[in-house]
Each structure stands twice: as C-alpha cells, then as structure tokens.
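# Quick one, what's the 3D model for this:
(chains A, B, C and D)
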Protein chains: 4
Amino acid sequence: MITGKTHYCDFDVRDYEIDSEGIVNNAIYLHYMEHARHTFCREVGLSYEQMRQQGITPVVAKLEIAYRTPLQSCDHVRCELTVERRGPRFIFHQTIHNISLGSIAAVATVTIACLVDGRLSRGDDLAQAFAPFLIN
Amino acid sequence: MITGKTHYCDFDVRDYEIDSEGIVNNAIYLHYMEHARHTFCREVGLSYEQMRQQGITPVVAKLEIAYRTPLQSCDHVRCELTVERRGPRFIFHQTIHNISLGSIAAVATVTIACLVDGRLSRGDDLAQAFAPFLIN
Amino acid sequence: MITGKTHYCDFDVRDYEIDSEGIVNNAIYLHYMEHARHTFCREVGLSYEQMRQQGITPVVAKLEIAYRTPLQSCDHVRCELTVERRGPRFIFHQTIHNISLGSIAAVATVTIACLVDGRLSRGDDLAQAFAPFLIN
Amino acid sequence: MITGKTHYCDFDVRDYEIDSEGIVNNAIYLHYMEHARHTFCREVGLSYEQMRQQGITPVVAKLEIAYRTPLQSCDHVRCELTVERRGPRFIFHQTIHNISLGSIAAVATVTIACLVDGRLSRGDDLAQAFAPFLIN
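Residues are numbered from 1 along each chain as shown, chains lettered A, B, ... in the order given. From the prediction side, this is the model:
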C-alpha cells in the first residue's frame, strides 16, 4: 500500500468554543474537521466556492469519532488528514492533535458523498482534484 | 431481549443552524443529540446541573452517526433515544426524525463515559438514575 | 402614536448554548433574536426562503443590546418583537423574556437594511409584507 | 486626551461560520470580539482562566455594533481593540477589519461589568491589569 500525502491545518481553540464543562464541546470537533477539509480542498485547488459554482456539493454521509483527551482554553490544535476513495465515496481519516499537550484529542473517519446538480455522482471531479493526495 | 423505554424530545430547526449549503450543518446534529440526552437526564431526575453538584461528569467517548436526509429550514424534529449499559459505559442509540417529511434525518450511537471527581468511574450513579430506561 | 402588533416566539434554552461561565453566551442572544425575526417573517407570509427566491436579502446593519439577567440552563424564553419603518430601514424592537424567572433577559434594537438583487433597496417589499405589524 | 495602546488579534474566517446568505452570520461577530477580548486579557497577564480562579467574572452589559461590509469565506480578519474605564465599567472599542479586502467589517462598543464572587464590583482588579492599555 502506498499512502497518500497528508494535509495539515493549525489553529487555536477559541474560548467561546468551551462549554459548561470547561472543555471544547464535542460538536465543535466536527467544525474543526470540516474546516480542515475546506483548507484541504483549497490546497488542491478546488475550493468549496468553486465547487458551488460547478454544482458540486460534498455531503457528510457518515462520521465516526473517538474523543481522547479533551481540548481546553488556548490549546493549539493541528488537524491532520489523509483521504481515500472507495467507489463513489471519499473517506477522510482525520486526527486532531493537541500540540500544546503533545497528545491526540480525537481520531475520526468521515465519509463524504458527492452530489452534482443535486444528484449522487461517481465523484470523478473530486477524485481528479484530490489525486495527489489519494491513498492507493 | 427486553428493550428499555424510549425518550422523546421535539423541537424545530432554527434558521441560523442552516449553513451555506442550505441545510442544517452536520455539527448541529451533535448539538441536537446532546440536547436530547440532557432532556432525558432531566426526565429521569438527574439533570446535568445536579450531576455537576455531585461531581459527576458524563463525557462523550465515541460517536458514530449516519446522515440520511438533510434537515432544512423550519423542519420539525423529533429526537428519540434508548440507552444501554456496557460495563462502565453507556451507549445511547439516537435517531433524529424529520417529522415534517416523515423521514429519518440521522441515526447515531453515542458512547458516554462517566467521570466522578475527574476520574473514570464505574457509572453506578448514572445506571441507578437510568434504570427504568436501560435495555437489558 | 398607534403601535403595531407584537410578534411572539417561545422556546427553551438548550444546554449547549451555555458557555464556560454557566450562562447563555452573549452571542447566542443574537441567534435567538434572528430566530424570532424569521418566525415573524413566516407569520406575515414572507419567509426567508421566499425572500431568497425573490432576490430579497435582509441584512443586519446595526444592533444595540442591553443584557439584563443572564439566561441559564432550561430557562423558558419568550422573544417579543415589534417593527418600525424608518425610510429604507426597518427597526426591530426585540425583548427577550425569561419566562421561568419572570424577568427580562435582554432588550435590543436591530436595524435591518434590505438588498434586492444585491443592491440596497427602499424596502417596499418588506414594508408591504410587514404592514399589519408596522408601528405608525 | 492620551489614548491607550491598541490590542490586535488576527485570524481567518472558517467556512462553517458562513450562514445561508453566504456571509458570516451576524452573531459570529460577537464571538470574534469575545475572542479578541480574551486574547487581550491574556496579553495583559490576566487570563479568563485566572479570573475564574480569583472569582472574577466579566459580563457583557451592553453592546452596540454597526455592520459595514460582510465577511466572507476565507477572509483574513484583524480584531483591534482599545479599552476605557467609566466608573465600574469598561468600554471596549472594537473594530473588525477585513484584511483581505482592506475594508472595515464592523465597529462595536462593548460595555463590560465585573462581578467578583457573584456581586457587581468596582472593577479595580481589571483596571489594574488593564492599566497599560487604559485610555485616559
């Protein structure tokens, strides 16, 4: 197996993402991962803006996430992702690292389906854009 | 197998939960499910407020969600949940129904671990509170 | 002066809207008020969905809010609004009541401008729809 | 009048902050400004974490914001703030710049009151911490 390239995206926890338990709320991790997928798409030259203009809509079909050590105020975060094609779907393997602690905050697998003009597509447009990163 | 009771929680999609794709953002579903778990805990007589006072902190350890038909502006939502104990962990089986369309919006399994005074516990406090609902 | 009609919109605080201070985060009040303006627009028969189809985009131009008593977990909320026209702009007078406590949570004035096909308009479409509610 | 120092805080719009109108939702600006106040507090050496330990709770009492040009996907943002003391209250003058466009996205005045152990205080702790920045 030849693995594809890895995309990185760094940022800091913002205090308003902290919930009443004093940790980053579990739903916010999905925002972080979505943000990383968007920066990835821009890196490969096909931004969500451009997809919209071309009638391409990636949608999250399935998501599995294991939360490890909670993120807290001011933590510096690195989102790491690789992507794999499985038929018409794209599987993003995403890890959220807590750089401040040197630990892993969460590990997730996100399955993306791709609509073109509102109908499920084979995903060829995305596959072409993602090519340099795709795991073979 | 004897199944436990089911908890229900109804509400409407609010327009600010709609993202740039015109549908409820995938992270919002986690908010909805968290809301349903909180109303469930109040129904069984152990609110998050009371847990906090007793040093009990339920944390999401793992989550799997399959998105079916997207929720849209004004849709009426019903969150349905059952809960099962597996050793020290509680597995919430949660379904988000789109009452307006008569369809299922998402199906999820959420694994909750329970900290007491900051340390992983056997979950006996929660098990006692959840008893009438627990799947055996 | 003849005052216009008042629109009401009721809902409950959801626990995930509580921030690390244990109260509803100040930004969430803007979501609540936006939600109330949207239910208002539906009540007068011109939903945001319909506006979008007609190329009408209401935008918040200015907002003033005074926070009184903080909203907390489970509080029942009533958003009350009246609306006034000032030239091309609409001034929403919005009050967020904490029904659970019998107190006022916040009082706000929200100025809305109206774009039609991306350009500032005189707001005649909105004025017509809002007519039964407009303060004269 | 001698003006105080200005605090800066830079970051990028994240796509999930875009609402169904294709622009950053009006409530998100309050998150941005809160984030800037938090980074400011850390800069002056009194983080929200430390305040919490000392029983100090800053609360937003009043807020006025004028929205100028909407923020969009990928825009680079600079939040700028100065702070002024008025009796027991602190007035934050905050400007959100859209660095990508070279324009101003919003201008706001945020009034903060300070609770100590749950009661309104004279704000002397904050005034001491903010001293190098206070407008005289």
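# Only C-alpha atoms from now on, for both contacts and neighbour counts.
Noted.
# Which pLDDT value goes with A:Met1?
With respect to pLDDT, A:Met1 scores 47.
# Tell me the residues of chain A that contact chain B?
Contact residues (C-alpha under 8 Å from any C-alpha of the partner chain) of chain A with chain B: A:21, A:26-28, A:30-31, A:57, A:60-68.
# can you pull out the helices in chain A?
Along chain A, the segments classed as helices by DSSP state H run A:28-43, A:48-53, A:124-130.
# Give me the sheet partners of the lengthiest strand in chain A and which way each runs.
In chain A, ranked by residue count with DSSP state E as the criterion, the top strand is strand A:103-116. Using DSSP bridges, strand A:103-116 pairs in its sheet with strand A:56-67 (antiparallel), strand A:89-98 (antiparallel), strand A:119-120 (antiparallel).
# So what does A:Asp45 look like in phi/psi?
Let me fix one detail, which is that residue A:45 is Gly and not Asp. Dihedral angles of A:Gly45 (phi, psi; degrees, to the nearest 10) stand at phi 90, psi 20.
# Now do the contacts for it.
A:Ala129 (C-alpha atoms under 8 Å, 6 or more residues apart in numbering or on different chains).
# For chain A, identify the residue most remote from the centre.
Distance from the centre of chain A peaks at A:Ser20, with 25.6 Å (C-alpha atoms, centre = their mean).
# what's the helix or strand of chain A with the lowest mean pLDDT packed up against?
The least trusted helix or strand in chain A, going by mean pLDDT, DSSP states H and E, turns out to be strand A:134-135, with a mean of 86. Packing partners of strand A:134-135 (3 or more C-alpha pairs under 8 Å, 6 or more residues apart in numbering or on different chains; DSSP states H and E): strand A:76-86.
# in the strand it packs on, what's buried?
By neighbour count on 16 or more other C-alpha atoms under 10 Å in any protein chain shown, the buried set for strand A:76-86 is A:His76, A:Val77, A:Arg78, A:Cys79, A:Glu80, A:Leu81, A:Thr82, A:Val83, A:Glu84, A:Arg85.
# Next: stretch A:6-17.
A:His7, A:Tyr8, A:Cys9, A:Asp12, A:Val13, A:Arg14, A:Asp15, A:Tyr16, A:Glu17.
# re the thing from before, show me the contact partners of the longest strand of chain A.
A:55-71, A:88-98, A:120-123.
# likewise stretch A:77-84?
A:4-13, A:32-33, A:36-37, A:90-100, A:133-136.
# Going through the residues you listed, which ones are buried?
Buried by 16+ other C-alpha under 10 Å: A:4, A:7-9, A:12-13, A:32-33, A:36-37, A:90-99, A:133-135, out of the contacts of stretch A:77-84.
# for chain A, which spans come out with low pLDDT?
A:1-3, A:136 (pLDDT under 70).
# Just grab the bridge partners of the residue lying closest to A:Tyr32 once chain neighbours are set aside for me.
What sits nearest to A:Tyr32 in space, not counting adjacent residues and going by C-alpha to C-alpha, 6 or more residues apart in numbering or on different chains, is A:Cys79, at 7.5 Å. A:Cys79 has these beta-bridge partners by DSSP bridges: A:Cys9, A:Ile96.
# Out of the helices of chain A, which one sits most buried?
With neighbours defined as mean count of other C-alpha atoms under 10 Å in any protein chain shown, the helices of chain A peak in mean count at helix A:28-43, which reaches a mean of 20.
# Kindly export that helix (C-alpha atoms) in CSV.
What follows is helix A:28-43, C-alpha atoms only, in CSV (Å, rounded to 0.1, in the frame of the first residue of the first chain):
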residue,chain,number,x,y,z
ILE,A,28,-17.0,21.8,17.8
TYR,A,29,-14.7,18.9,16.8
LEU,A,30,-16.9,18.4,13.7
HIS,A,31,-16.5,22.1,12.9
TYR,A,32,-12.7,21.8,13.3
MET,A,33,-12.6,18.8,10.9
GLU,A,34,-14.9,20.5,8.4
HIS,A,35,-12.6,23.5,8.5
ALA,A,36,-9.6,21.1,7.8
ARG,A,37,-11.4,19.6,4.8
HIS,A,38,-12.1,23.0,3.4
THR,A,39,-8.5,24.1,3.7
PHE,A,40,-7.5,20.8,2.1
CYS,A,41,-9.8,21.5,-0.8
ARG,A,42,-8.3,24.9,-1.3
GLU,A,43,-4.9,23.4,-1.2
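# Now do the same contact list for A:His7.
Residues counted as contacts of A:His7 (C-alpha under 8 Å, 6+ apart) are A:Phe40, A:Glu80, A:Leu81, A:Thr82.
# sorry, back to before: switch the strands paired with strand A:103-116 over to JSON lines; also include distance to D:Val107.
Converted to JSON lines, those look like this (distance: least, C-alpha to C-alpha, whole Å):
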{"stretch": "strand A:56-67", "distance to D:Val107": "34"}
{"stretch": "strand A:89-98", "distance to D:Val107": "33"}
{"stretch": "strand A:119-120", "distance to D:Val107": "42"}
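# Go through those and name the closest to D:Glu49.
Across the strands paired with strand A:103-116, D:Glu49 has its closest neighbour in strand A:89-98 (18.4 Å, C-alpha to C-alpha).
# Check the offset of the closest one from the chain's centre.
Centroid separation for strand A:89-98 versus its chain: 5 Å, with C-alpha atoms, centre = their mean, to the nearest Å.
# Give me the residues contacting that strand.
If you take C-alpha under 8 Å, 6+ apart as the criterion, strand A:89-98 is touched by A:33, A:71, A:75-85, A:103-114, A:122-123.
# please redo it, this time with the cut-off set to 7 Å
Residues outside strand A:89-98 that contact it (C-alpha atoms under 7 Å, 6 or more residues apart in numbering or on different chains): A:71, A:75-85, A:103-113, A:123.
# can you check stretch A:50-60 too?
A:Val110, A:Thr111, A:Ile112, A:Ala113, A:Cys114, A:Leu115, A:Val116, A:Asp117, B:Tyr67.
# With only the CA atoms kept, save it in CSV.
Provided in CSV are the C-alpha atoms of stretch A:50-60 (Å, rounded to 0.1, in the frame of the first residue of the first chain):
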residue,chain,number,x,y,z
GLN,A,50,-15.6,26.9,-6.9
MET,A,51,-17.5,23.6,-6.2
ARG,A,52,-20.6,25.6,-5.6
GLN,A,53,-20.2,27.4,-9.0
GLN,A,54,-19.8,24.0,-10.7
GLY,A,55,-22.8,22.5,-8.9
ILE,A,56,-20.7,20.1,-6.8
THR,A,57,-21.9,19.6,-3.2
PRO,A,58,-19.8,17.3,-1.0
VAL,A,59,-22.0,16.0,1.9
VAL,A,60,-21.1,14.1,5.0
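# can I get the CA coordinates of stretch A:85-97 in PDB?
The C-alpha trace of stretch A:85-97 is given here as PDB (Å, rounded to 0.1, in the frame of the first residue of the first chain):
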ATOM      1  CA  ARG A  85     -11.500   6.800  -2.400                       C
ATOM      2  CA  ARG A  86     -14.000   4.000  -2.100                       C
ATOM      3  CA  GLY A  87     -16.100   3.800  -5.100                       C
ATOM      4  CA  PRO A  88     -18.200   7.000  -5.300                       C
ATOM      5  CA  ARG A  89     -17.300   8.000  -1.700                       C
ATOM      6  CA  PHE A  90     -14.300   9.600  -0.100                       C
ATOM      7  CA  ILE A  91     -13.100   8.600   3.300                       C
ATOM      8  CA  PHE A  92     -11.200  11.200   5.200                       C
ATOM      9  CA  HIS A  93      -9.000  10.000   8.000                       C
ATOM     10  CA  GLN A  94      -8.700  12.900  10.400                       C
ATOM     11  CA  THR A  95      -6.700  13.300  13.600                       C
ATOM     12  CA  ILE A  96      -7.000  16.300  15.900                       C
ATOM     13  CA  HIS A  97      -3.700  16.800  17.700                       C
END
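# mind checking how far A:Val59 is from D:Ile99?
Distance of A:Val59 to D:Ile99, computed by C-alpha to C-alpha, to the nearest Å: 30 Å.
# whoops, A:Phe11 was the one
When A:Phe11 is compared with D:Ile99 (using C-alpha to C-alpha), they lie 18 Å apart.
# And for A:Gly118?
From A:Gly118 to D:Ile99 the distance is 35 Å (C-alpha to C-alpha).
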